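> pasting the structure only:
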DNA sequence: CGAATTATGCTCTCATTGAGCATAATAAGG
DNA sequence: CCTTATTATGCTCAATGAGAGCATAATTCG
C-alpha cells in the first residue's frame, strides 16, 4: 500500500502506522427504474422489522452488504444483489455515487462501524417481482413530486415549497447572504428569471432538505419538522439517492441511448416519447422529437404497424444498435423548460 | 459505465443473515490537478519502499485510509488527507468513482481485506508542495500521451496503438465480433469516420488496457506485455483513475465553470484559453472562444491591463461569480475534433 | 518608422432547434 | 357513405449558436 498518514497532527489520533486502515461496513444500494403507462417507477422494499427511529419511515431502496469474498467487482455484486432480492435481471447498471456521511445511519445497526453505501442506477422493464420482503414498484414522483412538470407546474411548489424558501431567505443574516439564498432558490426552482432545469434534481433536494430540516439558520430552530418536505418519505438518505439517480438519468438521456433499456424491443415513436417525457418530467414537441431521432439515426423501422385505439396506425421501430459506436453523442433531446411554459 | 455481464460465476454462499456485513478496507485516492505553463499536471507520490510486484511501478496517486472515526464525511476526509500529505488547500473537490475490482490490489497488503477506493478529483493552482515522501507535480499527459492533440495527432497513436488495435481486430473469432471491434476502436481513437471525442478518455484507456494487457483474445496470449501500453505506468489501477478524472473534467468543463479554480483571480482571456486547451487536449478558435465567454457572461473586466512580451496588451478579467447561480449551463466550449483537423 | 506580434471586433455561413402548418390514415357517428 | 375526431407523419420558417476567417487596434523590436 501507499504510505498511510503517519502521525500527523489531527483532532483525533490516527491509527497506528503499519496497521490496516480502520474498516467501515460497505453496502450496495440500487435504484432500479422502469417506466410503464407513462409512470416512472422505482423498486422499493418495506422492511417489516425496521424500527421507526432508524432515520425515516416507510420504503427503502434495495440494499445489501458488499461481500468481497463473493464478488469480484462492485458491479457484479450489485447485479447479484438485485437478482437475489427481486428476481430481476436488469439491463443496464451504472455506479452513481458513494455515500458515507456520518449522520446517514445510526452506528448501532452496523455494530459500531460506519456504513458506507455505493449507490447504483439500474434500468429494466417493469415486470413482476418476487422478493423475500414487501417488494414493489412505486411512482418515482411520489417521493419527489416537485419534479414532474408534465401536467403543468406542480402544485407543491406554490404551496409548501415557495413559502418555506421565502422564510428561509428572509432569515438570512445579512443582505449578501440574503441575496445568495434568493438566487440559489430562484435557480433551483425556476422562480425568478432562471428557467427550470430538469437535471438539477439533487440541488433541489438538498435545498429543500436544508431549509425544511435544519431550519432557517443555524441556532434558529423553526417549527418546520422533517415532515415538511413534500412527498413520501424514505428510510435513511434513500431519497437523496433517488434524487441523485434522477438527475443523473435525466442528464445522461441527452447523450446516451439509455431509454431503450426501458422499452420493449419494438415500439412506436410516441411510446418512446412518452417514456422520455416521464423521465424528464416535461412534455416534448412531437414532430421535433421525431426529427431528432431520425437525424441521429437512433432508430430503424421494422415495417410492422401498430393500430391501437383511434387514429392513424403508428409504425413500429427498434433501436439501431450500430449508433452506439458511431456518434460521440447519441441521445434524445431534453430541453430546459422556459420560464413561462 | 456500460454494464458487463461478468462476475456471476463466483458462487459462494451468502453470509449468515443478521450478521454485520463483511468489511472491506476503504481508502481515498485523490487526483489533484493544476495547470501551469500550459501543462496540466497531477500530484504524484513515489513511495520509496513500494515493491515492484505490487501491480505497477513508479508513481502513485495520493492515497490514504478513510477513517470513519475522524471524518464525518468522505469529502472532509479527502480534504484532510490532501492537506496532510501535500500541504495543499484545494479549491474544488468532487467525488469521481469508487473502485473495487478484485484484481486492483493484492490482498496481502491489507491483511486479507479487499481494498475499496473512493477516488476524488481536486482542483487547485500549482504551488510548492511539502509532503513527507517524494511528492511532486507531473505532466498528466505523460501518463496518457495519446490524449494531447494540441500539437497535432499524437505520434503514439500511429505507432504503438494503431497496429496493436489492428492485430486485436484481426484476432476476433468471427466476422461479427470483428466488425464490433473495428467500430469500437474506430470510435475510441477517431480512426474511421468517427471524430475524436476528447471526453472518451476512460473508454480509450480501457480499450488499450484490454488489448495490450490481456492480449488479443481470451486464451490467445500475445507477445504484448503490460508495458506495451504507451505512457508512463503508475501503481495499481491509478492510471485508470487518472483517465476517469480527465474524462470527467473535460466533460464538466463545458457546463460548469471549473476552469476558474485552476486560474489566479485575474487573468487574460488568452491565459484562460490556454488552460482550457491544456485540459481539453486540443486547440480552440481564439475569437470564438472569447465570444462564448462574453455571451455567457462568465467573466467581467477588471479595467487593468497586462502587457507581457510583444504585441498589444491584454485586458485582465475575473470570474463573474453571479453566473454560478443564473445559467443552468455555464461553461467553456469544447468542440469534438473533426476527423481531419 | 516599418515589420512582426498579439488582442479584439465583426461578418458570413451552416447546422441545430423551437414552433407550427399541412397532409395522411384510421375509427366513430350520423 | 360521408363527416368529424384523432393520431401519425412530412415539411417550412425563424431564431439561435457555432465554425471559420477577415479586419482593425495596440504594442514591441529592429
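Now that the structure is in, tell me what you want to look at. Quick caveat, the model's predicted, so the values are computed rather than measured.
> number of nearby residues for residue A:254?
For residue A:254, the neighbour count with other Cβ atoms under 10 Å in any protein chain shown is 18. Backbone N, C-alpha and C define where each C-beta goes, glycine included.
> what pLDDT does residue A:123 get?
Note on residue A:123: pLDDT of 97.
> Next, the contact list for it, please.
A:32-34, A:90-93, A:258, A:261-262 (Cβ atoms under 8 Å, 6 or more residues apart in numbering or on different chains).
> Can you select the buried ones from the residues you listed in ChimeraX?
To isolate the buried members of those in ChimeraX, using 16 or more other Cβ atoms under 10 Å in any protein chain shown:
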select /A:32,33,34,90,92,93,258,261,262
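> in terms of contact, does residue A:27 touch residue A:61 like I think?
No - Residue A:27 is beyond contact range of residue A:61, at 10.5 Å (criterion: Cβ atoms under 8 Å).
> and residue A:136, what helix or strand is that in?
strand A:135-139 (DSSP states H and E).
> Kindly apply the preceding question to residue A:122 instead.
strand A:115-123.
> Pull the distance from that strand to the chain's centre.
Strand A:115-123 sits 11 Å away from the centroid of its parent chain (Cα atoms, centre = their mean, to the nearest Å).
> Neighbours of residue A:102, how many?
Neighbour number of residue A:102 under other Cβ under 10 Å is 14.
> and it, how far is that from DNA strand C?
Here the criterion is Cβ to the nearest atom of the strand, to the nearest Å. By it, residue A:102 lies 42 Å from DNA strand C.
> Skip the chain neighbours and tell me the closest residue to that residue.
Closest residue in space to residue A:102, ignoring its immediate chain neighbours: residue B:72 at 4.3 Å, by Cβ to Cβ, 6 or more residues apart in numbering or on different chains.
> Next up, the contacts around residue A:140.
A:33, A:40-42, A:242, A:246.
> All the strands of the stretch 51-200 of chain A, residue numbers only.
Under the criterion DSSP state E, counting those that start in this stretch, the stretch 51-200 of chain A carries strands at the ranges A:63-65, A:92-99, A:115-123, A:135-139.
> Pairing partners for the shortest one, with directions?
By that I understand strand A:63-65. strand A:23-36 (antiparallel) (DSSP bridges).
> Tell me if the helix or strand just after the partner strand is near chain B.
Where DSSP H and E defines the elements, the next helix or strand beyond strand A:23-36 is strand A:39-45. No - Strand A:39-45 does not reach chain B (Cβ under 8 Å from any Cβ of the partner chain); its nearest approach is 14.6 Å.
> mind showing which ranges of the stretch 51-200 of chain A have poor pLDDT?
A:51-57, A:103-113, A:131-132 (pLDDT under 70).
> For residue A:282, which non-adjacent residue is closest in space?
residue A:149 is the one closest to residue A:282 (Cβ to Cβ, 6+ apart), at 4.8 Å.
> ok so, going back, look at residue A:27 and residue A:61 and report which has more neighbours.
Between residue A:27 and residue A:61, counted using other Cβ under 10 Å, residue A:61 has the larger neighbour count: 25 against 20.
> So that one versus residue A:229, what's the distance?
Going from residue A:61 to residue A:229 by Cβ to Cβ, to the nearest Å gives 17 Å.
> What of residue A:43?
22 Å.
> Where does the stretch 51-200 of chain A get nearest to DNA strand D, which residue?
residue A:195 (12.0 Å; Cβ to the nearest atom of the strand).
> where's residue A:312, which helix or strand?
Applying DSSP H and E, one finds residue A:312 in no helix or strand.
> and the one residue in chain A that gets nearest to DNA strand D, what does it touch?
Of all residues in chain A, residue A:311 sits closest to DNA strand D, at 2.2 Å by Cβ to the nearest atom of the strand. Shown in contact with residue A:311 (Cβ under 8 Å, 6+ apart): no residues.
> Backbone dihedrals for it, please?
phi 80, psi 170 (degrees, to the nearest 10).
> so which helix or strand takes in the residue minimising distance to the centre of chain A?
Centroid-nearest residue in chain A: residue A:245, 2.5 Å away (criterion: Cα atoms, centre = their mean). Per DSSP H and E: residue A:245 is located in helix A:238-253.
> and that helix with strand A:39-45, angle?
140 degrees (axes from the mean of the first three to the mean of the last three Cα atoms, to 10 degrees).
> Can helix A:238-253 be said to contact DNA strand C?
No - Helix A:238-253 lies apart from DNA strand C when judged by Cβ under 7 Å from any atom of the strand; the minimum separation is 12.9 Å.
> helices or strands up against that helix?
With contacts taken as 3 or more Cβ pairs under 8 Å, 6 or more residues apart in numbering or on different chains; DSSP states H and E, helix A:238-253 sits against strand A:23-36, strand A:92-99, strand A:115-123, helix A:140-143, helix A:201-209, helix A:269-280.
> Could you list the buried residues of the first one?
Along strand A:23-36, these residues count as buried under the neighbour rule (16+ other Cβ under 10 Å): A:23-35.
> just curious, which of those is nearest to residue A:68?
residue A:26 (8.4 Å; Cβ to Cβ).
> Could you verify my assumption that that closest one touches residue A:67?
No - contact criterion Cβ under 8 Å: residue A:26 and residue A:67 do not qualify, at 9.2 Å.
> Need the pLDDT of residue A:44.
For residue A:44, the predicted pLDDT is 93.
> Tell me who's in contact with it.
A:59-62, A:135-138, A:234.
> circling back: out of the contacts of residue A:123, who's nearest DNA strand C?
residue A:258 (17.2 Å).
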